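[1] Got a predicted structure here, sequence first:
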Amino acid sequence: MHGHRASASSSSTPRHPASILLLLCFLCATQTAAPAAAAARSGEEPTTSTALIGLLLRVQSTALRALGPDGFDPKRYVDLPLSTDARAAAAALPSPDKPPPSRAEMERYLARYFGAAGSDLVPAAAELEDFEAEPRGFLPRVRSRAARAWALEVHALWRRLARRVARGVAERPERHTLLPLPRGVVVPGARFREVYYWDSYWIVRGLLVSKMYYSAKDTVLNLVHLVQKYGFVPNGARSYYINRSQPPLLSSMVLEVYEATGDVKSVREAFPSLLKEHSFWTSEIHSVAIRDNRGHVHNLSRYQANWNRPRPESATIDEELASKINSTADKGKLYHQIASAAESGWDFSSRWMRNSTDMTMLATTYIVPVDLNTFIFKMERDIASFAKLIGDNATSEKFLEASKARHIAIDSILWNSEMEQWLDYWLPTDGDCQQGVYQWKSDSQNRDTFASNFIPLWLNAHHSGSVQFADTAKSERVMASLQKSGLLRAAGIATSPTRTGQQWDFPNGWPPLQHLIAEGLLHSGSKEAARLAEDIATRWVRTNYGAYKATGKMHEKYDVEACGKSGGGGEYKPQTGFGWTNGVVLSFLEEFGWPEHKGIDCSRRGEVGLTG
């Protein structure tokens, strides 16, 4: 879910290439060019933690040798804050050609030279000044006693997830991979100890339901701070994440906070950063030009991480995968595809793989994704609205036109009228384009069904005064396609119909996908679609409730084959906490309510539209 990235032993941090003129051949075949071609990210200063990351990677490798692979989490070791001189810590490590330390020796070494992972983030429940145990006006449509009591427990979890960055992070940045942030934070939970980009959207949605307006605003302004420094929002608030982003939802967060508070000042403060972020996502390395069959050229965007090495937080995992490849150059290509898949937030999925059983066949940068372009379309509409709000009519018109062009591009390149879905578009690997422009081919659309194929419905819920992305009739056709897709299951929407062992595939359902699709169906103008939206929300809330009652925890993802079952798969153990899960549950309860006599436990079944 939360991809990772870093600058390990290179002498300078890879940077955003907004001002670089790239060769046309790069535009046609960029799967490995981005890391080499990127020069300076706008506004980014050289990282002070490059040496630290190099040391931590040695610690990570040594720990694997000492502790063995069972239960080993490589992220722990790149999150360790250095508590003493780096040279002394490095000198005390055995070289790779020497026998590894014992488990006890390894733990003594870590205790001597490092603080615990996450210790540079201080619990900050007492600093949540806008938290109330039961806020006034909280979930007025939730009438069920059981549902309301549980919702208040979920609401109380914000206190467990509240943190502030320790003062020493800014004072001694060379000792921390954690990035300093000016305001308090709410983290996802468990191994995800720091702020993550797209998680923050659903955390903000949940905080607003909880009437925690200042905390929601702080969450947004921390991300704005990161854009001001790096020119984009990194994947997460770690130095090893600053060469990739995540699905761009900052403008959506700004909009949610503005609509809840009416605070124009926050919009003005965020506005320059939104313009920077748009430039990042439409820059050369992310932009793809495709000519349709009528001769019109359309510009869309793709994920493209600026990295071609193992991700530091997963380096031992990436190196093991790449050991199947002999060529150093080909290993770099694979690392680039891995990092780009992590930028998508879907790490990992058969969606990005040419062969769903072989992770070495990742091809993320050759795919024009439906969801990414949906988010950028909304970003453009949001910026147009904000510009008008603050009196910048020229910028408003510019971004309104940009959004119209992207709308046409999405429908021309990604829409499939036979399947009644939007489909990811696969670019050829042979660089088959002319003058930097690909020719659209119908068989290049990926006809496999993923939950992302339905995310454009979400746009129905926003900017209703402007042209709808999908009118009621089209939304009903898309809804019918969703109902026939096999994704609708007993406990929610599956990410894909394919069981691969990857966490962004069957049988996992993820909170953001449930919310995006259900919110889109609800606001489509169709009564039938609204009923399906409520049924999806009902099943999702019940499975969250069932798992919570069984385990006492909210989970990162769920197995949608059965109510009350948490999800699994992927490269790390299932995580709990959990920021975006809490936000989606609270949002669903606010949107749909819960009648007094409606059962919330897993013995109750949904009523409409879903299988199982």
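    Received, thanks. Numbers count the residues shown, from 1 in each chain.

[2] burial of the nearest residue to residue 239 once chain neighbours are set aside, as a residue count?
    Counting by C-beta to C-beta, 6 or more residues apart in numbering, residue 239 lies nearest to residue 49, which is 4.2 Å off, once chain neighbours are set aside. Bear in mind the C-beta positions are built from the backbone N, C-alpha and C, glycine included. A count of neighbours around residue 49, defined by other C-beta atoms under 10 Å, yields 25.

[3] What of residue 111?
    Look at residue 111: counted by other C-beta under 10 Å, it has 11 neighbours.

[4] try the one 3 residues further on
    Using other C-beta under 10 Å, the number of residues around residue 114 comes to 21.

[5] where's it relative to residue 81, distance?
    Look at residue 114 and residue 81: by C-beta to C-beta, to the nearest Å, they are 6 Å apart.

[6] buried residues in stretch 495-507?
    Neighbour-count burial for stretch 495-507, counted by 16 or more other C-beta atoms under 10 Å, picks out 495, 496, 497, 498, 500, 502, 503, 504, 505, 506, 507.

[7] Can you pull out the residues in contact with it?
    1, 346-351, 356-357, 448-451, 485-487, 489, 494, 508-510, 513, 557, 559-561, 567-571 (C-beta atoms under 8 Å, 6 or more residues apart in numbering).

[8] Could you list the low-pLDDT ranges of the protein?
    Applying pLDDT under 70 to the chain flags the ranges 1-48, 431-433, 463-468, 604-612.

[9] Give me the buried positions along the longest helix anywhere in it.
    For the chain, the longest helix by residue count, based on DSSP state H, is helix 527-551. Buried residues in helix 527-551, counted by 16+ other C-beta under 10 Å: 528-530, 532-548.

[10] And for stretch 55-75?
    55-64, 66-67, 73-75.

[11] got it, and stretch 338-358?
    Going by neighbour count (16+ other C-beta under 10 Å), the buried part of stretch 338-358 is 338-353, 356.

[12] among those residues, which are in helices?
    Counted as lying in helices by DSSP H, out of the buried residues of stretch 338-358, are 338, 339, 340, 341, 342, 343.

[13] Now tabulate the residues you listed in TSV and tack on distance to residue 146.
    Formatted as TSV, these follow (distance: C-beta to C-beta, whole Å):
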residue	distance to residue 146
338	43
339	44
340	44
341	40
342	39
343	40
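
[14] With respect to residue 313, which of these is nearest?
    Closest approach between those and residue 313, by C-beta to C-beta: residue 342, at 9.5 Å.

[15] ok, that closest one touching residue 312?
    No - look at residue 342 against residue 312 with C-beta atoms under 8 Å: they stay out of range, at 11.6 Å.

[16] picking up where we left off before, filter the contacts of stretch 495-507 down to the buried ones, ChimeraX style.
    Command for ChimeraX that selects the buried part of the contacts of stretch 495-507, burial taken from 16+ other C-beta under 10 Å:
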select :1,346,347,348,349,350,351,356,449,450,451,485,487,489,494,508,509,510,513,557,559,560,561,567,569,570,571
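
[17] Enumerate every residue touching the spatially closest residue to residue 412 that is not a sequence neighbour.
    In this structure, residue 412 finds its nearest non-sequential neighbour in residue 292, 4.8 Å apart by C-beta to C-beta, 6+ apart. Contact partners of residue 292, counting by C-beta under 8 Å, 6+ apart, are 298, 412, 413, 440.

[18] go on, residue 82?
    Taking C-beta under 8 Å, 6+ apart, we find residue 82 in contact with 52, 55, 89, 113, 114, 115, 174, 175, 176.

[19] If we use 7 Å, what do you get?
    By C-beta atoms under 7 Å, 6 or more residues apart in numbering, residue 82 lies in contact with 52, 89, 113, 114, 175.

[20] Can you pick out the most distant pair from the residues you listed?
    Maximum distance among the contacts of residue 82 (C-beta to C-beta): 11.6 Å, for 52 and 113.

[21] so what secondary structure elements neighbour the strand or helix carrying residue 476?
    Assigned by DSSP states H and E, residue 476 falls within helix 472-484. Packing partners of helix 472-484 (3 or more C-beta pairs under 7 Å, 6 or more residues apart in numbering; DSSP states H and E): helix 527-551.

[22] Validate this expectation: residue 164 resides in a helix.
    No - under DSSP: H, G, I helix; E, B strand; the rest coil, residue 164 sits outside any helix and is assigned strand.

[23] Next up, the contacts around the nearest residue to it once chain neighbours are set aside.
    What sits nearest to residue 164 in space, not counting adjacent residues and going by C-beta to C-beta, 6+ apart, is residue 124, at 4.4 Å. Contact analysis of residue 124 by C-beta under 7 Å, 6+ apart lists 162, 163, 164, 184.

[24] Tell me how far residue 124 lies from residue 50.
    For residue 124, the distance to residue 50 equals 29 Å [C-beta to C-beta].

[25] Now do the helices in the stretch 351-500 of the chain.
    With helices called from DSSP state H, counting those that start in this stretch, the stretch 351-500 of the chain shows them at 370-389, 393-409, 472-484.

[26] so which of those comes closest to residue 281?
    When the helices of the stretch 351-500 of the chain are compared by C-beta to C-beta, helix 370-389 sits nearest residue 281, at 5.5 Å.
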